[in-house]
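>>> predicted model follows, preceded by the sequence.
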Amino acid sequence: MRVIISTVVLFVVWVILTQSFDPQELFTGLIVAAIVSMISPAIASDKPKKWFQPKRYGYLIIYLFYFIWQMIKSNLDVAKRVINPKLPINPGIVKVKTKLKTNAAKLALANSITLTPGTLTVDIHDEWFYIHWIDVRSEDIQKATQDIVEGFEKYLEVIFE
Amino acid sequence: MLWYQIIGIIMIIIGATFLFLGALGVIRMPDVYNRMQAGTKATTLGALSVIMGVGVFHPAWIFKTGIISLFILLTNPVSSNALARAAHNSGVPLYEKSVVDRYAEDKEKIRAEEEK
C-alpha cells in the first residue's frame, strides 16, 4: 500500500515535469516511480488511510493561502527592519511547545516557522522547539507559543495528525 | 505585450527587490543568526516570486516553475535550520543585545538525554 501511494505521488510529479502524455514517457515514468518508491521507504506516512481523507486536502489548500499571506507579511516586516537606519531588532532564542505528535507534522511546522522570516527554528527536542526570533515580544513560553506556533498548528493538526 | 506578461514582469521586479533587501540584510545584520534571518528568507519570497513570475510570463512553464517553487519551499528551511543548529552547537555567540537564549540554558539537559 505504501509503495503504491509513493508511486502515484512520484508519477504525478513526473507527469508535471515532463508535460507530455506520450505513452513511451508515461511508461518510463511509471517504471522509474515504482522502482524509486520500492527502494526508498518513507515518502508515504505510516498510516496509508490518511491519504484518502478529503478533509486533509481541503485544509492543506487553506493552509497554503494562510501560509503565503503570513510569509508576505513577515517578509515586509523584516524588509522594513533592514531598511530602517536604526536597525530595530530585538533578537533572542525562545522556547515554544507544540502539541503536534507525528514527525511529519513537526517537520512541516518547523519548516513553516523557518520560512516565515523573523523566526528560525534552531532545534527540536521532543515537543519543544527552540526558535531564534528577530523581535522577541515575549520571553514567556506560553506567550511565545501563542505568537509563533498556534496559527500554523490548528491547520497542521488536521492535515497531518 | 500581453496582460499576463505584464503581471509576470511585475512579479519578477518584486522578487528582485526582495532579493536585494535580503542581500542588504546580510551586510547590515549583526550576527550569524540575524544574518540568516535576512539572507535565507527575504530571499525565499524573492526567489519564489521571480520563479513564479517567469512561469506567468511563459504560461507553458507554469507547472514546472510550480514544482521548482515547491522544492525550494521544502529544502530551503532544512538547510537554514541545519546551519543555525551547527552554528549554535559550535559556539558562535549571539548578538550582545540579544534578550534571551533558552537553547543555551537547556543544552546540557538535551545532550544528557541524547547520550542515554
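Received it, and whenever you're ready, just let me know what you need.

>>> next, count neighbours for A:Tyr57.
The burial count assigned to A:Tyr57 is 12, neighbours taken as other Cβ atoms under 10 Å in any protein chain shown. Bear in mind the C-beta positions are built from the backbone N, C-alpha and C, glycine included.

>>> which SS class is it?
What DSSP: H, G, I helix; E, B strand; the rest coil gives for A:Tyr57 is helix.

>>> for it, give me its contacts.
Going by Cβ atoms under 8 Å, 6 or more residues apart in numbering or on different chains, A:Tyr57 touches no other residue.

>>> for the one 4 residues further on, same thing?
Neighbouring residues of A:Ile61 by Cβ under 8 Å, 6+ apart: there are none.

>>> surely it is in a helix?
Yes: judged by three-state DSSP, A:Ile61 forms part of a helix.

>>> nearest residue to the residue most central in space within chain A other than its sequence neighbours?
Centroid-nearest residue in chain A: A:Ala108, 2.9 Å away (criterion: Cα atoms, centre = their mean). Leaving aside its sequence neighbours, A:Ala108 sits nearest to A:Leu156 (Cβ to Cβ, 6 or more residues apart in numbering or on different chains; 5.5 Å).

>>> what's the answer for B:Thr40, then?
B:Ser80 (4.2 Å).

>>> hmm, that neighbour is touching B:Arg35, no?
No: with contacts counted by Cβ atoms under 8 Å, B:Ser80 stays clear of B:Arg35, the gap being 10.7 Å.

>>> which one of those two has more residues nearby?
B:Ser80 (23 against 17).

>>> and that one, how far from A:Ala110?
Separation of B:Ser80 from A:Ala110 (Cβ to Cβ, to the nearest Å): 11 Å.

>>> can you name the residues of chain A sitting close to chain B?
Residues of chain A lying close to chain B by Cβ under 8 Å from any Cβ of the partner chain are A:13, A:16-17, A:19, A:71-72, A:75, A:78-79, A:82-83, A:87, A:89-95, A:110-112, A:114-118, A:120-123, A:125, A:128, A:130, A:132, A:134, A:136, A:139.
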